[in-house]
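S.K.: No sequence on hand, only this structure:
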Ligand SMILES: NC(=O)c1ccc[n+]([C@@H]2O[C@H](COP(=O)([O-])OP(=O)(O)OC[C@H]3O[C@@H](n4cnc5c(N)ncnc54)[C@H](OP(=O)(O)O)[C@@H]3O)[C@@H](O)[C@H]2O)c1
């Protein structure tokens, strides 16, 4: 039977978590080391609370240590920076994640820049962004890392392919482009000022949409046979006052022509947390001078 063109991110993420769990056990057996991830949540944003709860649950499920820090919404920047400094110095903590968004009184960039780059499992520190673009050993942002894993799993060698990334944010678009360039793709980064976006997209063998606009990328922008990765998570109203999640790609139409496509939900989303676990493992190995897993997704 022919392989479905739908990339099942949920199943792939489960495979990645199993692989992380195996490697965590190996680290414990061979080196007596159990990596730890500290997650810091400031305030009571309901979406952030769900993310943080899921992250903590999955961290424990793969055998990592989980340290959760819930701070009041009126926490000062100084107090948050003091906690980050404490976590930087804590040998039991190999990865630190400060959940965004942060309340207005706190400069998020200042906090992200205070995290030890070696423990920066979100990969948002300028040192890690720089390493990613200059070919160094970076901590790679989780969402684009998950996208790359799915692409390599489906397509194998990406060398020479035309990749178009729509969106140029520091957390998705730019690192995604860097990863694809590192895989020897010919990369175009498109954004809100791009001329003839449909035409640019039609040239893509790999099309990554990270925009935040419901179903903006139309089915007829997709080159037949292309691999489409939909990063977007948009909540839209449906009839009867209900709501549902859709991506940045017009899924039904695009799925008819794409060679491979991620659905929303069930595509990129589940891979993001799985990659956070991968990054915690990678960070712990690097900190301990232990050989890190070559392909943590395998
Ligand atoms: N699945 C996950 O785990 C995950 C993780 C992170 C984000 N997301 C989702 O991914 C989406 C993007 O997130 P983000 O943080 O990267 O968003 P962002 O920071 O708002 O960036 C959006 C990008 O899209 C571009 N854009 C906006 N309108 C456009 C248009 N009409 N044509 C072409 N480009 C346009 C913007 O261009 P300019 O730079 O020119 O303004 C910008 O670069 C969101 O839906 C978010 O919820 C999902």
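M.R.: Cool, the structure landed. The model shown is predicted, which means the values in this text are computed figures rather than measured ones.

S.K.: Please verify my assumption that residue 291 contacts residue 285.
M.R.: Yes - under the criterion of CB atoms under 8 Å, residue 291 makes contact with residue 285 at 6.8 Å. For every residue, glycine as well, the C-beta is placed using N, CA and C.

S.K.: With neighbour numbers in mind, choose between these two.
M.R.: Neighbour tally, residue 291 and residue 285, criterion other CB atoms under 10 Å: the higher count belongs to residue 285, 20 against 8.

S.K.: isn't that one right up against residue 278?
M.R.: No - when contacts are counted by CB under 8 Å, residue 285 is not listed as touching residue 278 (10.8 Å).

S.K.: where are the low-confidence patches of this structure?
M.R.: Counting by pLDDT under 70, the chain contains low-confidence residues at 1-2, 294-298.

S.K.: Centre-most residue in it?
M.R.: residue 143 (1.4 Å; CA atoms, centre = their mean).

S.K.: Quick check: it is in a helix.
M.R.: Yes - when DSSP: H, G, I helix; E, B strand; the rest coil is applied, residue 143 is found to be in a helix.

S.K.: if you go through the stretch 1-150 of the chain in chain order, where are the strands?
M.R.: 36-42, 65-71, 95-98 (DSSP state E, counting those that start in this stretch).

S.K.: Residues contacting the shortest one, please?
M.R.: Looking back up the chat, that one is strand 95-98. 35-40, 42, 55, 80, 84, 87-88, 108, 111-112, 115-116, 119-122, 276, 279-280, 283-284 (CB atoms under 8 Å, 6 or more residues apart in numbering).

S.K.: circling back to that earlier point, switch the strands of the stretch 1-150 of the chain over to a markdown table; also include distance to residue 196 and mean neighbour count.
M.R.: As requested, those are exported to a markdown table (distance: least, CB to CB, whole Å; neighbours: other CB atoms under 10 Å):
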| stretch | distance to residue 196 | mean neighbour count |
| --- | --- | --- |
| strand 36-42 | 42 | 24 |
| strand 65-71 | 47 | 16 |
| strand 95-98 | 38 | 27 |
